[in-house]
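# Just to be clear, the model below is a prediction. Sequence and coordinates:
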Amino acid sequence: MKVYGICSSCDFEASGETLEQLDSKFKHHFVMLGHPSYFHREGRVEKLRRVS
């Protein structure tokens, strides 16, 4: 099952097979631009997720 996410500060989007893959993609984005979190979908619910 694919998981999808979008940055909470800009229009950057990413997808992966797991939340860990998504975290890895967003961690690189956050280091480059300093954005703090992203929204990811679980079914019909969007949840805010921070990458440390």
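All right, it came through fine.
# element containing the nearest residue to residue 16 once chain neighbours are set aside, please.
Nearest residue to residue 16, sequence neighbours excluded (Cβ to Cβ, 6 or more residues apart in numbering): residue 22, at 4.4 Å. From N, CA and C alone the C-beta is placed, and that goes for glycine too. Assigned by DSSP states H and E, residue 22 belongs to helix 19-33.
# Please apply the same query to residue 39.
strand 37-42.
# what's that strand packed up against?
strand 3-7, helix 19-33, strand 45-50 (3 or more Cβ pairs under 8 Å, 6 or more residues apart in numbering; DSSP states H and E).
# Apply 10 Å and report the result again.
strand 3-7, strand 13-16, helix 19-33, strand 45-50 (3 or more Cβ pairs under 10 Å, 6 or more residues apart in numbering; DSSP states H and E).
# what's the most buried one of these?
Most buried of the helices and strands packed on strand 37-42, by mean neighbour count (mean count of other Cβ atoms under 10 Å): strand 3-7, with a mean of 18.
# so what does it touch, helix or strand wise?
Packing partners of strand 3-7 (3+ Cβ pairs under 10 Å, 6+ apart): strand 13-16, helix 19-33, strand 37-42, strand 45-50.
# Tabulate the ones you listed (JSON lines), appending mean pLDDT and distance to residue 3.
As requested, the helices and strands packed on strand 3-7 are exported to JSON lines (pLDDT from 0 to 100; distance: least, Cβ to Cβ, whole Å):
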{"stretch": "strand 13-16", "mean pLDDT": "93", "distance to residue 3": "6"}
{"stretch": "helix 19-33", "mean pLDDT": "91", "distance to residue 3": "5"}
{"stretch": "strand 37-42", "mean pLDDT": "87", "distance to residue 3": "6"}
{"stretch": "strand 45-50", "mean pLDDT": "86", "distance to residue 3": "10"}
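# Now tabulate those in TSV and tack on distance to residue 1.
Conversion of the helices and strands packed on strand 3-7 to TSV gives the following (distance: least, Cβ to Cβ, whole Å):
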stretch	distance to residue 1
strand 13-16	10
helix 19-33	11
strand 37-42	10
strand 45-50	15
